[in-house]
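Quick one: sequence plus predicted model below, questions after.
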Amino acid sequence: MIRRAALIADSSPPPRAGGPTRRPSVFSNSLSLVPPEPPTERGWAGAADCSILVRSPVGRRVIKVFPRPIFLYLPRSPHKTMDIPFLIKDLIRTRDLQTWVNRRFKDEHRVPVDHRVFRTVSTHDGMVYMLSPEVRTVGDAAARYRLAEIKKDDIVIDIGANVGGFCIPAARRSAHVYAVEPMTADELRRNIALNGAEVTVIEAALGDRSEKEIAWGDEVRRVPTMTLDQLKEVCGGCDVLKCHCEGAEWSIRPEELDGIRRIELAYHPQKQSGVDPEVLLGSIRSHYVVEWEVVDGHALLHARLMEK
C-alpha cells in the first residue's frame with residue numbers, strides 16, 4: 001500500500017493553457033510526516049512516508065516508492081539545516097532522479113529540515129502544524145495517546161497541550177475540547193487556527209492555585225496554576241482527561257477524577273516532589289481498567305472507567 005507523500009511539490013497553481021510549461025518540482029514549503037511503526041527507540045520528530053510526489057501541469061504522480069520510511073529529524077538550531085538549493089542543483093546535475101534519491105535519501109538517514117523552506121508540516125491524518133522545534137511533540141502525541149473512545153458530546157481537557165498534538169485531533173471527535181498550556185500557547189493558537197479546530201485555550205498550568213516558575217528550554221516564566229477541580233468547573237466537567245505536565249500530575253487529588261471516563265496520563269515517578277504517587281495511581285487502579293505502557297522512555301497510563 002502506498003502511503004502519504006514524503007515531499008509534496010509546490011502548491012502554486014498550474015500555468016494557464018498556452019502558457020510556459022513548468023517543470024515538476026520536488027521541494028515545497030509543506031512537508032508531510034507520518035509516525036514510524038513502531039516508533040524508533042531514539043525518538044523522532046516525524047517520519048517521511050514511502051513515496052515522493054511531484055506536481056506537474058497535469059497533476060501529481062509518484063516518482064519513487066521506498067521500501068521503508070525515511071526518518072526526518074527536525075533540528076532545534078536553525079543553522080543545522082539541509083542546504084535545499086544545493087540539493088536541487090545536485091538533482092539537476094545528476095539528471096537521474098532515481099540515482100539521486102538512492103544516493104541522497106537512505107533508509108533511516110538523518111535528514112534535517114530547513115525551517116526557511118518548509119513552513120508547515122501535515123500529519124498522516126490531515127492535521128497541519130507550524131514547523132518549529134516544538135512540532136516534534138506532535139509525533140510524540142500520536143505515538144502515545146489514544147483518541148478512539150472520544151465521543152461527540154464529551155468534554156475533553158488536555159493538560160500540557162504544547163502545540164496541539166492531542167487536542168487538535170481530539171477536536172475532530174468532540175465539540176468541547178479545552179487545551180491547558182502555559183508556555184507555548186501562542187503557537188498552539190496558531191495551529192488551532194490553521195486547522196479550523198474548535199479548541200478553547202486556557203493559559204495556565206496544573207497546580208495548587210498559586211503562581212509557579214516553569215522552565216521550558218532556555219525560558220523561565222511565572223505562570224498561574226489551576227487545580228483539576230477548577231479546570232472542570234471552568235470547562236463544565238470532564239469526560240476525557242489527557243495529562244502530560246512534567247510531574248504536576250501528582251497534584252491531582254483522587255476525588256478530582258470523579259466523573260472522568262477516560263484518562264490518558266504520562267506520569268513522572270522521578271518528579272514526585274515528596275508526594276506519594278500511589279495515592280493517585282492506587283485510586284486509578286481501584287476505579288479504572290488500566291493499561292500501562294512505556295513509549296520512548298515515557299511511562300504512560302491508559303485508563304477506562306470500570307462498568308458498575
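Arrived safely.

switch to C-alpha atoms for all contacts and neighbour counts from now on
Fine.

correct me, but residue 158 touches residue 242?
Yes - counting by CA atoms under 8 Å, residue 158 touches residue 242, with 4.8 Å between them.

can you map out the strands along the stretch 51-200 of the chain?
Using DSSP state E, counting those that start in this stretch, the strands of the stretch 51-200 of the chain run over 51-56, 59-65, 70-73, 111-112, 120-123, 128-130, 155-159, 176-180, 199-202.

Return the alpha-carbon coordinates of the fifth one using PDB.
These are the backbone C-alpha positions of strand 120-123, laid out as PDB (Å, rounded to 0.1, in the frame of the first residue of the first chain):
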ATOM      1  CA  THR A 120       4.300  23.700   7.900                       C
ATOM      2  CA  VAL A 121       4.000  20.000   8.400                       C
ATOM      3  CA  SER A 122       1.000  17.900   7.800                       C
ATOM      4  CA  THR A 123       0.300  14.600   9.500                       C
END
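
Just checking: what are the partner strands of it?
strand 30-33 (parallel), strand 128-130 (antiparallel) (DSSP bridges).

Lowest average confidence across those, which one?
Mean pLDDT is lowest for strand 30-33 out of the strands paired with strand 120-123, coming in at a mean of 48.

mind checking the SS state of the nearest residue to residue 256 once chain neighbours are set aside?
In space, and not counting its chain neighbours, residue 256 is closest to residue 229: 5.8 Å by CA to CA, 6 or more residues apart in numbering. With DSSP: H, G, I helix; E, B strand; the rest coil as the basis, residue 229 sits in helix.

Surely residue 229 touches residue 254?
No - look at residue 229 against residue 254 with CA under 8 Å: they stay out of range, at 10.7 Å.

Please say which of these two ends up with more neighbours.
Neighbour count, other CA atoms under 10 Å: between residue 229 and residue 254, residue 229 has more, with 17 against 14.

burial count for residue 237?
19.

Against residue 129, how distant is the closest residue in space to it that isn't next to it in sequence?
Once flanking residues are discounted, residue 237 sits nearest to residue 155: 6.6 Å by CA to CA, 6+ apart. Distance, residue 155 to residue 129, using CA to CA, to the nearest Å: 23 Å.

out of these two, which sits in the busier spot?
Neighbours per residue (other CA under 10 Å) separate residue 155 from residue 129, with residue 129 holding more: 27 against 21.

Assess the claim that that one and residue 136 are in contact.
No - assessed by CA under 8 Å, residue 129 is found out of contact with residue 136, at 10.3 Å.

Point out where the stretch 1-150 of the chain drops to low pLDDT.
1-87, 96-118 (pLDDT under 70).

can you do 80?
Within the stretch 1-150 of the chain, the stretches with pLDDT under 80 are 1-125, 131, 133, 136, 139.

packing partners for the helix or strand harbouring residue 215?
Residue 215 is located in strand 212-216, with elements delineated by DSSP states H and E. In terms of contacts (3 or more CA pairs under 8 Å, 6 or more residues apart in numbering; DSSP states H and E), strand 212-216 is packed against strand 219-223.

at 10 Å instead, please
strand 205-206, strand 219-223 (3 or more CA pairs under 10 Å, 6 or more residues apart in numbering; DSSP states H and E).

Can you lay out those as CSV showing mean neighbour count, mean pLDDT and distance to residue 301?
Formatted as CSV, the helices and strands packed on strand 212-216 follow (neighbours: other CA atoms under 10 Å; pLDDT from 0 to 100; distance: least, CA to CA, whole Å):
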stretch, mean neighbour count, mean pLDDT, distance to residue 301
strand 205-206, 27, 96, 18
strand 219-223, 12, 89, 27
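
Cool, thanks, talk later.
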